[in-house]
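Colleague: sequence plus the predicted model coming up.
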Amino acid sequence: MVKLYIIGNGFDIYHKIKSRYSDFMDYVKKQDNDMFEMLEKYFNTDELWSDFEETLAYIDTDTITDDASDFLVSYGAGDWSDAYHHDYQHEIEQALDLVTVKFRTHFTNWILQLEIPNSPQANIDLNSTFINFNYTSTLERAYRIPYKKILYIHNKAVDGNSVLILGHCREFNDEDSFAKNNDEETDPRIAQGNVLLDDYFKETYKDTETIIKENSAFIESLSKINEVFVLGHSISPVDIKYFQIIKGKIQKNAVWNISYHQETEKKEKIRKVSGLGVELSKIFMKTINEI
């Protein structure tokens, strides 16, 4: 059998790596409590710390613009200053910078400080191909798998300058635009703020199609794969396009082995994989221990 392993965060958790989003929450709270409080202000916190990538699409823009409105000084104010031309936009920019820059910096630093084991804990065929959705070096460090065999689909945390791909799957369109109603009557400061909001949703969108194109050579090499192992991946909506592409590239009769942690996950994962066009007879649910 020619095997492909698709690795998700559950794989790292299985190795006792503290890589849950809740662990990241604890890290942020300890490292930058001001940022932690702002994140809790702008997002639904229950969703943020359980699936923050998808939650990025639902930042509370009303709160951001309401807060910034305190800096919309009337053009007729007696103490008018030219700085007032930019204060509103600056406040919006600062709020969005929290997520697009500071958040990502903390996330990268958090990944880098995770303790990775030096020995394997799962039964993996080392002569396989790997698509890793994690940012960690677990496969290389614990299993000694060569880097050239692994596609880090969202990049790998190597140092503080690593550009890790994070984002939501809510594609931005004209109907969602804040700037679509900008006209000659719109206060120019508000108009510029609307553009900044539009830019945020574009920048936090995970453009899977572009990522797939950039890794086309690796993906084309999957044509001989006839057995797939999905280890610790939830097959979430934000990543479903990758699975659709993989299904289309590998052998049509390939067997899919899907790991699960709790019994309650099995039915939903079977639904997701069968939704890719995989026959039910080709889907096998197993724990990572069983695999």
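Modeller: That came through, no problem.
Colleague: can you show me the strands along the stretch 1-150 of the chain?
Modeller: Applying DSSP state E, counting those that start in this stretch to the stretch 1-150 of the chain gives strands spanning 3-7, 129-132, 150-152.
Colleague: hmm, who's touching the helix or strand bottoming out on mean pLDDT in the chain?
Modeller: When the helices and strands of the chain are scored by mean pLDDT, DSSP states H and E, helix 45-48 comes last with a mean of 86. The contact list for helix 45-48, computed with CB atoms under 8 Å, 6 or more residues apart in numbering, reads 39-40, 54-55, 58. Just so you know, the C-beta spots here come from the backbone N, C-alpha and C atoms, and that holds for glycine as well.
Colleague: for Gln31, find the nearest of the strands of the stretch 1-150 of the chain.
Modeller: Checking the strands of the stretch 1-150 of the chain against Gln31 by CB to CB gives strand 150-152 as the closest, at 24.6 Å.
Colleague: relative to the closest one, what are the paired strands and their orientations?
Modeller: Sheet partners assigned to strand 150-152 using DSSP bridges are listed as strand 129-132 (parallel).
Colleague: contacting residues around the strand it pairs with?
Modeller: Under CB under 8 Å, 6+ apart, the answer for strand 129-132 is 3-7, 139, 145, 149-153, 156, 221-222, 225, 242, 246.
Colleague: which ChimeraX command selects the buried ones in those?
Modeller: In ChimeraX, a selection of the buried entries from the contacts of strand 129-132 looks like this (16 or more other CB atoms under 10 Å):
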select :3,4,5,6,7,139,145,150,151,152,153,156,222,225,242,246
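Colleague: biggest separation within the contacts of helix 45-48, which pair?
Modeller: Farthest pair in those, by CB to CB: Glu40 and Glu54, 17.0 Å.
Colleague: more crowded one of these two?
Modeller: Between Glu40 and Glu54, Glu54 has the larger neighbour count (other CB atoms under 10 Å), namely 18 against 14.
Colleague: report the separation between that one and Lys102.
Modeller: 20 Å (CB to CB, to the nearest Å).
Colleague: dump the residue contacts of the nearest residue to Tyr147 once chain neighbours are set aside.
Modeller: Of all residues not flanking Tyr147 in the chain, Glu140 sits nearest, at 6.2 Å (CB to CB, 6 or more residues apart in numbering). Residues near Glu140 by CB under 8 Å, 6+ apart: 146-147, 150.
Colleague: wait, which of these is closest to Leu98?
Modeller: Using CB to CB, the contacts of Glu140 come closest to Leu98 at Ile150, 32.1 Å.
Colleague: per-residue confidence at the closest one?
Modeller: pLDDT, Ile150: 98.
Colleague: surely Ser119 touches Ala142?
Modeller: Yes: proximity of Ser119 to Ala142 meets the contact threshold set by CB atoms under 8 Å, at 6.0 Å.
Colleague: who's more crowded, the two?
Modeller: Ala142 (20 against 9).
Colleague: need the contact list for that one.
Modeller: Contacts of Ala142 by CB under 8 Å, 6+ apart are 15, 116-121.
Colleague: what's stretch 250-259 in contact with?
Modeller: By CB under 8 Å, 6+ apart, stretch 250-259 touches 1, 4, 10, 222-232, 235, 269-270, 273, 278, 282-288, 291.
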